[in-house]
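Visitor: Quick one: sequence and predicted model below, then my questions.
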Amino acid sequence: MSKVHVFDHPLIQHKLSIMRSKDTGTKEFRELLEEISMLMVYEVTRDLPTQDVEVETPICKCTTKMLAGKKLGIVPILRAGLGMVEGVTRLIPAARVGHIGLYRDPETHEPVEYYCKLPADSENRELLVLDPMLATGGSASDAITMIKKRGCHHIRLVNLIAAPEGIAKVQKDHPDVDIYVAGLDEKLNEHAYIVPGLGDAGDRLFGTK
């Protein structure tokens with residue numbers, strides 16, 4: 001079974017609390033999402049492999065560490081996942097960026113696919129799938145399925161907030177994919193929104209509601 005990593009870092013929790021407030025405007029919401037994403041990916045990548053390399057400093061030569069193994073890629077789920085990209089690429093500027101387009105049917109609450117574009121060499125990369133909200137888990141699970149069908153099997157899911165129902169769905173469908181969240185909330189309501197959550201992340205991010 002995949003692991004669920006809940007980050008309790010004070011800075012992450014402080015910024016997340018501000019994002020939850022209904023009085024937080026679009027500009028501040030967008031900036032906070034970027035900041036939390038950067039803080040989260042710092043922890044998500046903690047176990048990346050390194051190798052010894054020789055570097056010549058202004059003083060002398062020395063042996064030090066640099067990243068080794070698979071290169072990284074990030075795959076935001078449109079549209080809200082776009083708000084996490086800048087924060088991640090600030091720490092990993094060489095990461096390739098793909099995109100997956102899914103929307104939730106307002107009647108069935110099931111995800112509908114409309115776009116998928118991944119880096120040409122994504123099967124050789126460690127991929128971070130980004131989406132602020134893990135509610136029913138349907139969109140995330142379908143996105144991961146789409147990625148796997150294209151030959152990619154080294155995948156991590158990064159969410160701002162998750163509901164237990166979404167966690168259970170992804171773990172059932174993709175037991176090999178670890179899940180990283182800043183907040184694990186109580187439940188879903190009758191409209192499949194996370195409680196207490198922060199509302200519709202896409203609308204708050206882009207000011208469309």
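Guide: Noted; the coordinates are in hand.

Visitor: what's the span of stretch 167-187 from first residue to last?
Guide: Stretch 167-187 has an end-to-end distance of 11 Å (criterion: CA to CA, to the nearest Å).

Visitor: which residues make contact with it from outside it?
Guide: 1-7, 12-13, 16, 36, 40, 43-44, 134, 136-138, 140-141, 144-145, 148, 153, 155-165, 194-197 (CB atoms under 8 Å, 6 or more residues apart in numbering). From N, CA and C alone the C-beta is placed, and that goes for glycine too.

Visitor: which parts of it are buried?
Guide: 167, 169-171, 174, 177-185 (16 or more other CB atoms under 10 Å).

Visitor: between those residues, which is nearest Asp121?
Guide: Val177 (19.9 Å; CB to CB).

Visitor: Do me a favour and get the backbone dihedrals for that closest one.
Guide: phi -100, psi 120 (degrees, to the nearest 10).

Visitor: Quick check: the gap between it and Val41.
Guide: According to CB to CB, to the nearest Å, Val177 stands 16 Å off from Val41.

Visitor: Off-centre distance for the helix or strand harbouring Leu205?
Guide: Assigned by DSSP states H and E, Leu205 belongs to helix 201-206. Helix 201-206 sits 16 Å away from the centroid of its parent chain (CA atoms, centre = their mean, to the nearest Å).

Visitor: by contact count, what packs against that helix?
Guide: helix 26-44, helix 82-91 (3 or more CB pairs under 8 Å, 6 or more residues apart in numbering; DSSP states H and E).

Visitor: Kindly provide the distance from Thr26 to Ile74.
Guide: Separation of Thr26 from Ile74 (CB to CB): 23 Å.

Visitor: again with Leu205
Guide: Taking CB to CB, one finds Leu205 at 17 Å from Ile74.

Visitor: In terms of neighbours, single out the busier of these two.
Guide: Set Leu205 next to Ile74 and count neighbours by other CB atoms under 10 Å: Ile74 wins out with 25 against 20.

Visitor: Residues in a beta bridge with that one, which ones?
Guide: Beta-bridge partners for Ile74, by DSSP bridges, are Val97, Leu128.

Visitor: Next one: it from His153, what distance?
Guide: Taking CB to CB as the criterion, Ile74 is separated from His153 by 16 Å.

Visitor: Same question for Leu188.
Guide: According to CB to CB, Leu188 and His153 sit 29 Å apart.
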